[in-house]
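**Q** Sequence and computational prediction follow.
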Amino acid sequence: MFKKVLLGVVAVVLLVVVVLVIAIAMQPAEFSLTRTATMTAPPAAAFEQVNDFHNWQAWSPWEKLDPALQRTYEGPTAGKGAVYSWLGNAEVGEGRMTITESRPNELIRINLEFIKPFESNNVTEFTFKPEGDGTAVAWTMSGKNNFMSKAFHLFVDMDAMLGADFEKGLAAMKAKVEGELHE
């Protein structure tokens, strides 16, 4: 009797594992999330905040999560080829960003490499479009989902989680560029 119950439990566990693996495998192979904000400032003001990694401390939502964050800058001060690396606590991890394309007041494309707590490589883009008396800034991150990422996305809504951080960052950038115009 015990043997039959044990075999039944093993069969149920295997079935659950198979269903879970199938559900994970069916998750999208790619992801993309975007947040936008309109700032009462010219495109150049917002562009400058993103194009020079030294400015990110003022508005990036992750900069304040680790007071002891170690930052390294390489290459040109701003624009294509500029590199920003960080090493921080468990909340910010370790990674590197490299500006791969910079079109003044229009677009900045960044290769975003996460090293810790998990390895991944994504593309981040900022676009700047004149809108009335201001600028619409769009912040987008996209990438590919490996099996582990698919599993994570099955249980965690990345759009909501990271989207909230993007919204905080854009709000801080807006306050910064609008504040500078009134100084």
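**A** Received it, and whenever you're ready, just let me know what you need.
**Q** from memory Leu112 sits against Val123, does it?
**A** Yes. Between Leu112 and Val123 there is a contact under Cβ atoms under 8 Å: 6.9 Å. Quick note: C-beta positions are derived from backbone N, CA and C, even for glycine.
**Q** Which neighbours do these two have in common?
**A** Met141 (Cβ atoms under 8 Å, 6 or more residues apart in numbering).
**Q** how close does Ile108 get to Gly79?
**A** The gap separating Ile108 from Gly79 is 8 Å, by Cβ to Cβ, to the nearest Å.
**Q** which residues are in contact with both of these two?
**A** 51, 99, 102.
**Q** Can you name the next helix or strand after the helix or strand of the chain with the lowest mean pLDDT?
**A** Every helix and strand of the chain was ranked by mean pLDDT, DSSP states H and E. The lowest is helix 147-155, at a mean of 65. Using DSSP states H and E, the helix or strand that follows helix 147-155 in sequence is helix 158-181.
**Q** what's that next one packed up against?
**A** Packed against helix 158-181 by the contact rule (3 or more Cβ pairs under 8 Å, 6 or more residues apart in numbering; DSSP states H and E) you find strand 30-39, helix 43-51, strand 134-144.
**Q** if we go to 10 Å?
**A** strand 30-39, helix 43-51, strand 120-131, strand 134-144, helix 147-155 (3 or more Cβ pairs under 10 Å, 6 or more residues apart in numbering; DSSP states H and E).
**Q** which residues of the chain score low on pLDDT?
**A** Along the chain, segments meeting pLDDT under 70 span 15-26, 28, 147-148, 150-157, 180-183.
**Q** and the most centrally placed residue in the chain, what does it touch?
**A** Nearest to the mean C-alpha position of the chain, counting by Cα atoms, centre = their mean, stands Met141 at 5.4 Å. Residues in contact with Met141, defined by Cβ atoms under 10 Å, 6 or more residues apart in numbering, are 31-35, 110, 112, 122-125, 158, 162-163, 166.
**Q** just to revisit the earlier point, of Ile108 and Gly79, which one has the most company?
**A** Ile108 (25 against 15; other Cβ atoms under 10 Å).
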